[in-house]
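>>> Turn this into a structure:
(one chain, ligands or ions: 1)
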Amino acid sequence: MQEVLKSLGISAVNPGGFAGEWTGSGKAQVVASPIDGSALATVMNVTPQEFDAILARSHAAFATWKLVPAPKRGEVVKALGDELRRNKAALAELVTLEMGKTLREGLGEVQEMIDICDFAVGLSRQLYGLTMPSERKQHRLQEQWHPLGVVGVITAFNFPVAVWSWNTALALVCGDTVLWKPSSKTPLTAIACTKIAEKVLRDFGYDPAICSLAIGKGSDIGDLINTDPRVALVSYTGSVPGGRHVGKLVQERFGRHILELGGNGAVIVSEKGDLDIALRSVYFGAIGTSGQRCTSTRRVIVHESIYGTFRDRLLDLYRQTPIGDPREDEILMGPLVDAGAVETMLAAIQTVKAEGGKILIGGEKLPHPGGCYITPCIAEVPGNLAIVREETFAPVLYLMPYRTIEEAIALQNGVPQGLSSAIITDHQSESELFLSAAGSDCGLANVNTGTSGAEIGGAFGGEKETGGGRESGSDAWKAYMRRQTSAINFSGKVELAQGITLEL
Ligand code: NAD
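Got it, this is the predicted structure:
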């Protein structure tokens, strides 16, 4: 463990602020691993005054960074990807130590960082604007995209490094600077990533404040980001109540935001689908990352004709789930992020029972140092009970039957969140209906693969209470830039649009 920390530049005590220099004289925070409760290192939070100086540096760095040609900015992102490749094993291990996901998933998360860097390098030569025919003679109409400013990136604990990289790789090629406020549950991975970015920027001779960091509580540092007009875009990933608060504050000052909030993923298992694919997709979607993904499978809606068979086979898989130290190869489920998350899960299970649901398996705390281990739970429910409509950020899976595909889609859509959904079917009409305007209302809708594990190539995000934001691939980059439309007149005369004449 010490070797991993050392190789990533983590000391016993670490300043939690960076904008060219490392600062942090606020509250000291001991970071403990959910694996066994052991202390990993101490982080010094930034004070509001230090935050102000960090933001001022990030804002100043934008003035020069935005003038660097986009393909040159892409070269920096290419080097960032290469540096992440070099540090992949160590960074993945730190993710596991600090957050508790399995090492396999930690490696996958760092791979996702590398993938988005590769994507962004190509993008740096493709920040296309459109040209349109003008309605006026000898005029030209065009759109172009300019850098936006400082992007405040506020991240959740469950993807402690990937979400930063989704935002940072795009923001950098778009000519923006990044100021990151990570979750207080995962500050060490944030320090490690910032050190990697610092090295790359210094190697190129660019201002290292282009990738800044401010570690501190959401209610103080987060709110400073939300309210400061120097932050042009706030990219917020977190819970629905958090997003509601951030959205209001940013909107109040007419800032821009990308909201990536809670999910309530469902899989529809049709009798016309492959049962093995359904079982594997649901099982991984529900227990992967110990049910702590925004795209985790929380509901499974099964056709009544195969309901009993599906339930019994899923219960068999649950009984055999290897739970334990997430660094070990055979382990599929590690701890929850902290003891509070375990208590939230236990409370949700009590509510399920009180609302008429039946617990089929799981929800038992396991005796283990650190106290964050619990068995995954399946509850049988008659439909979207009040507790089912909430996102419980833990491995609780709700199982419900359906009769017609229309009824299944209504159940799938019958929650306030709209992030991830899936159908398992080999029947083309069913899958097409699911993908049509009458189908899933989510930002992600999959066929014959589960709700979790999105690729970076597509735009990622969801509807309704998930917040409507999009990050990552496709044309998500447009949110990180300022659009400008120009009319260019080369006629030698003044002609107004819409045929309006001006007699002088
Ligand atoms: P959280 O809402 O507790 O915290 C998220 C971040 O918000 C943290 O960095 C926190 O410090 C910060 N924060 C708290 N108060 C703030 C304030 N007043 N202003 C600004 N920032 C503030 O979420 P969490 O427990 O870390 O993560 C789990 C949640 O995140 C789940 O709801 C999950 O679905 C969601 N999530 C969504 C996505 C997505 O892409 N849609 C991805 C990952 C996680």
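
>>> Just the C-alpha atoms of stretch 288-307, please, in PDB.
As requested, C-alpha coordinates have been extracted for stretch 288-307 and formatted as PDB (Å, rounded to 0.1, in the frame of the first residue of the first chain):
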ATOM      1  CA  GLY A 288     -21.200  -4.500  -9.400                       C
ATOM      2  CA  THR A 289     -19.500  -1.600  -7.400                       C
ATOM      3  CA  SER A 290     -21.600  -3.000  -4.500                       C
ATOM      4  CA  GLY A 291     -24.700  -1.300  -6.100                       C
ATOM      5  CA  GLN A 292     -23.000   2.100  -6.000                       C
ATOM      6  CA  ARG A 293     -23.100   3.100  -9.600                       C
ATOM      7  CA  CYS A 294     -25.500   5.700 -10.900                       C
ATOM      8  CA  THR A 295     -26.300   3.100 -13.600                       C
ATOM      9  CA  SER A 296     -26.700   0.200 -11.200                       C
ATOM     10  CA  THR A 297     -29.600  -2.100 -11.800                       C
ATOM     11  CA  ARG A 298     -32.100  -1.400  -9.100                       C
ATOM     12  CA  ARG A 299     -35.200  -2.900 -10.600                       C
ATOM     13  CA  VAL A 300     -35.800  -6.000 -12.700                       C
ATOM     14  CA  ILE A 301     -39.200  -6.300 -14.400                       C
ATOM     15  CA  VAL A 302     -39.700  -9.900 -15.500                       C
ATOM     16  CA  HIS A 303     -42.400 -11.500 -17.700                       C
ATOM     17  CA  GLU A 304     -44.800 -13.500 -15.500                       C
ATOM     18  CA  SER A 305     -44.200 -16.700 -17.500                       C
ATOM     19  CA  ILE A 306     -40.500 -16.900 -16.500                       C
ATOM     20  CA  TYR A 307     -40.700 -15.000 -13.300                       C
END
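
>>> who in the stretch 351-500 of the chain is up against the ligand?
Residues of the stretch 351-500 of the chain found near the ligand (CB under 6 Å from any ligand atom) are 391, 393, 419, 466. The C-beta positions use only the backbone N, C-alpha and C, and glycine is treated the same way.

>>> One more: the chain?
154-159, 181-184, 218-219, 222-223, 226, 237-239, 242, 245-246, 260-263, 294, 391, 393, 419, 466.

>>> What about the residues of the stretch 351-500 of the chain next to the ligand, which one has the most neighbours?
Neighbour counts for those (other CB atoms under 10 Å) peak at residue 419, which has 28 neighbours.

>>> Quick check: the gap between that one and residue 94.
Residue 419 sits 27 Å away from residue 94, taking CB to CB, to the nearest Å as the criterion.

>>> hey, where'd the helices end up in the stretch 1-150 of the chain?
Listed in chain order, the helices of the stretch 1-150 of the chain (DSSP state H, counting those that start in this stretch) span residues 2-7, 48-65, 70-86, 88-99, 103-123.

>>> Please apply the same query to the chain.
For the chain, the helices defined by DSSP state H occupy 2-7, 48-65, 70-86, 88-99, 103-123, 162-174, 187-204, 223-227, 240-252, 275-287, 307-319, 339-354, 405-413, 428-435.

>>> Could you identify which of those helices is most buried?
Ranked by average neighbour count under the criterion mean count of other CB atoms under 10 Å, the helices of the chain are headed by helix 162-174 at a mean of 28.

>>> Now do the buried residues in stretch 474-484.
Residues of stretch 474-484 classed as buried by neighbour count (16 or more other CB atoms under 10 Å): 476-477, 479-482.
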